[in-house]
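Undergrad: got a structure for you, letters missing:
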């Protein structure tokens, strides 16, 4: 699994937005670094590839003025929230396909940190 590279062109000029976006990239990369050091299920590999692709496509498409870019970042965050909440916990968790690697717990913890109570509440309601 590959790390997301932060690029200066991802910055939109709004410090709070830029910090939040950079925080997601750093949080996601921490999961990738840990996942690369343990045996894990195929579901995790597919999930992280999907998130990497979605993140890079969305961030690469943002080239507007700061006001327009903030709106695009908002759409990106909303799409990302929906993906994270809909795909976690991973289907393999607790099944024979699960390697009990601890990555699902780390991933859910990192998502809770980045998304806050919204992730915890939506994940519990599934």
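TA: Noted; the coordinates are in hand. Since the model is a prediction, treat every value here as computed from it, not as a measurement.
Undergrad: so where's the chain shaky on pLDDT?
TA: Confidence mapping of the chain against pLDDT under 70 gives the ranges 63-70, 117-126.
Undergrad: Quick check: the residue of it most remote from its centre vs residue 41, distance?
TA: The C-alpha centroid of the chain is most remote from residue 96, which lies 25.4 Å away (CA atoms, centre = their mean). Distance of residue 96 to residue 41, computed by CB to CB, to the nearest Å: 10 Å. All C-beta spots, glycine's among them, are computed from the backbone N, C-alpha and C.
Undergrad: Give me the residues contacting stretch 100-109.
TA: Outside stretch 100-109, the residues that touch it by CB atoms under 8 Å, 6 or more residues apart in numbering are 31, 34-35, 38-41, 44, 47, 88-90, 93, 98, 119, 123.
Undergrad: Please pick the buried ones from those.
TA: 31, 34-35, 40-41, 44, 47, 88, 90, 93, 98, 119, 123 (16 or more other CB atoms under 10 Å).
Undergrad: which one of these sits closest to residue 58?
TA: Compare each of the buried ones among the contacts of stretch 100-109 with residue 58 using CB to CB and the shortest gap goes to residue 47, at 16.5 Å.
Undergrad: on that earlier part again, in strands, which of the buried ones among the contacts of stretch 100-109 fall?
TA: Applying DSSP state E to these, no entry is found in strands.
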